[in-house]
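Asks: Sharing a sequence plus its predicted fold:
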Amino acid sequence: MLLGCIGDDFTGSSDLGNTLTKAGMRSVQYVGVPDAPAAPDVEAGIVALKSRSIPAAEAVAQSLAALKWLRDQGCTQFLFKYCSTFDSTPEGNIGPVAEALADALGATEVIVCPAFPATGRSIYQGHLFVGDHLLSESGMQHHPLTPMRDPDLRRWLAHQTRGTVGHVPATAVMGGVGRVRAALSGEAAKGHRLIVTDAITDADLITLGHAAADHVLITGGSGIAMGLPENFRAKGLLSGRAGEWRGQGGPVVALSGSCSGATRAQVAAHAASHPSREITADEVISDEVDADTLATWALGQDGVPLIYSSADPDAVSAAQARHGAAPLAEAIETLFADLARALAAKGVTRLISAGGETSGAVVSGLGVTEFEIGPEIDPGVPMIRANDSLVLALKSGNFGAADFFAKAAAMMEGTA
Ligand SMILES: Nc1ncnc2c1ncn2[C@@H]1O[C@H](COP(=O)(O)OP(=O)(O)O)[C@@H](O)[C@H]1O
Ligand SMILES: O=C(O)[C@@H](O)C(=O)COP(=O)(O)O
């Protein structure tokens with residue numbers, strides 16, 4: 001294994017696997033820290049954690065355990081993957097995890113770059129944009145767990161860190177690899193270890209990736225990985241053997257716990273022509289719904305049945321006020337985990353899940369240990385294979401075309 005990656009959620013980890021696989025690295029996504037060695041042909045290993053919204057100290061401990069396993073597999077470079085919308089709170093977890101990994105690896109210059117231009121995320125003057133909106137006006141200010149109300153990544157990250165935060169502007173990034181290296185060293189010389197780097201285009205990300213060829217630790221969204229495989233290829237370290245992917249027919253179900261604007265639009269579009277069942281926060285809290293009944297309903301439907309708790313910001317706030325945000329999220333996630341387990345037991349072979357935390361719950365419910373990464377459905381979302389009879393798509397809340405659920409089901413079957 002060459003590149004060791006730590007993802008702070010499951011959709012994000014498959015997003016990273018997609019980028020690395022497309023760029024020619026043989027990649028495997030692990031569910032948590034494995035307790036056995038990796039297969040010898042894995043070139044990029046991604047340890048997927050569910051550490052984005054847990055207490056910072058636990059996120060640090062889990063990330064350090066992942067780092068230890070990846071080091072034991074022989075990795076020479078490490079990537080900490082977080083969300084392209086920088087999902088975090090003033091306490092963390094991006095800053096504390098990045099600093100702990102940097103301490104453990106003795107890293108002195110660490111890129112911080114969540115840019116992902118294919119999905120509209122760009123960084124300019126240290127500020128994160130989603131399309132032509134600042135992050136704080138993109139809808140992310142309403143996120144149920146990590147509302148993002150400050151688009152200045154330098155300022156937001158500084159709340160989370162012991163050390164100070166540096167910045168490499170777009171003018172330096174556009175100046176090429178030499179200018180970037182000089183700018184990063186300049187920031188490190190001023191005592192800034194975590195350095196936010198502007199990036200507007202894929203070309204900027206490839207420049208940053210090449211500039212970071214000798215960095216032991218890199219942090220960012222999946223975009224920051226775009227240039228990394230080429231560094232290993234240039235040293236003759238990649239096998240060039242991509243995995244063989246095969247589609248999967250059979251019973252399909254879509255689950256959605258994401259409340260993002262993009263997912264709610266996908267849910268509305270899908271529900272117009274496919275069987276769909278909403279589960280409300282109140283039903284979940286009062287135990288009026290059970291996983292077994294929902295699974296039986298879904299597998300009795302034609303088309304691509306959808307079960308969703310996705311709700312608009314007003315409904316989410318009202319439900320959180322009634323039940324508490326954390327207990328409510330936990331109750332809904334537990335239901336999705338139980339539902340995934342029940343669906344697998346009843347023979348589902350294609351499972352689509354929308355939402356990062358939701359997908360973490362779904363995967364833990366399934367009890368799978370690793371995923372083969374397959375072809376891309378939409379930017380940032382690959383199909384992934386859990387075992388001989390189960391293929392999944394874990395969709396970030398914000399990603400995917402308007403017809404994502406139907407499109408994913410068809411592509412997973414190999415008919416689109
Ligand atoms: N109707 C709802 N009311 C309140 N919280 C909800 C509701 N539906 C889902 N949630 C919770 O909101 C969170 C959504 O996060 P996530 O699944 O990561 O989606 P995204 O990818 O959009 O961030 C989850 O913890 C989920 O359990
Ligand atoms: O970088 C991204 O935007 C995604 O890969 C990601 O991390 C997804 O997180 P969710 O939006 O919580 O699904």
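Replies: Thanks, I have the structure now. Numbers count the residues shown, from 1 in each chain. Ligands and ions are numbered 1, 2, ... in the order given.

Asks: contacts, neighbours, all on C-alpha from now
Replies: Noted.

Asks: what about N231, neighbour count?
Replies: Counted with other C-alpha atoms under 10 Å, the neighbours of N231 add up to 17.

Asks: correction: A321
Replies: 11.

Asks: so how far is ligand 1 from it?
Replies: To ligand 1, A321 is 10 Å away according to C-alpha to the nearest ligand atom, to the nearest Å.

Asks: Kindly confirm my reading that H167 is in a strand.
Replies: Yes - the assignment for H167 (DSSP: H, G, I helix; E, B strand; the rest coil) places it in a strand.

Asks: tell me the secondary structure for the residue nearest to it when sequence neighbours are not counted?
Replies: Excluding the flanking residues, the one nearest H167 by C-alpha to C-alpha, 6 or more residues apart in numbering is V196, at 4.7 Å. Recorded secondary structure, V196: strand (three-state DSSP).

Asks: who touches V196 in this structure?
Replies: Contact analysis of V196 by C-alpha atoms under 8 Å, 6 or more residues apart in numbering lists 111-113, 126, 153-154, 165-168.

Asks: Minimum distance to ligand 2, which residue of the stretch 151-300 of the chain gives it?
Replies: Residue nearest to ligand 2 within the stretch 151-300 of the chain (C-alpha to the nearest ligand atom): G221, separated by 4.8 Å.

Asks: So what's the residue count around that residue?
Replies: If you count neighbours by other C-alpha under 10 Å, G221 ends up with 25.

Asks: Correct me if wrong: it contacts L79.
Replies: No - the pair G221 / L79 is not scored as a contact, 9.6 Å apart, by C-alpha atoms under 8 Å.

Asks: if we can go back for a sec, give me every residue that touches the residue of the stretch 151-300 of the chain closest to ligand 2.
Replies: G221 sits next to 12, 16, 81-84, 113-116 when contact means C-alpha under 8 Å, 6+ apart.

Asks: go with 6 Å
Replies: By C-alpha atoms under 6 Å, 6 or more residues apart in numbering, the residues touching G221 are 81-84, 114.

Asks: What score does it have for pLDDT?
Replies: Note on G221: pLDDT of 98.

Asks: likewise L145?
Replies: pLDDT at L145 comes out at 87.

Asks: State the helix or strand in which it lies.
Replies: Following DSSP states H and E, there is no helix or strand that holds L145.

Asks: Return the residues of the stretch 301-416 of the chain in contact with ligand 1.
Replies: Residues of the stretch 301-416 of the chain lying close to ligand 1 (C-alpha under 6 Å from any ligand atom) are 309-311, 316, 319-320, 329, 332-333, 355-358, 396-397.

Asks: among those residues, which are in reach of ligand 2?
Replies: Filtered for proximity to ligand 2 (C-alpha under 6 Å from any ligand atom), those shrink to 355-357, 396-397.

Asks: what's near enough to touch V391?
Replies: Contacts of V391 by C-alpha under 6 Å, 6+ apart are 350, 384-385.

Asks: where are the low-confidence patches of the stretch 301-416 of the chain?
Replies: In the predicted model of the stretch 301-416 of the chain, residues 415-416 satisfy pLDDT under 70.

Asks: where do the strands sit along it?
Replies: 306-308, 350-354, 370-378, 381-387, 390-395 (DSSP state E, counting those that start in this stretch).

Asks: No further questions, thank you.
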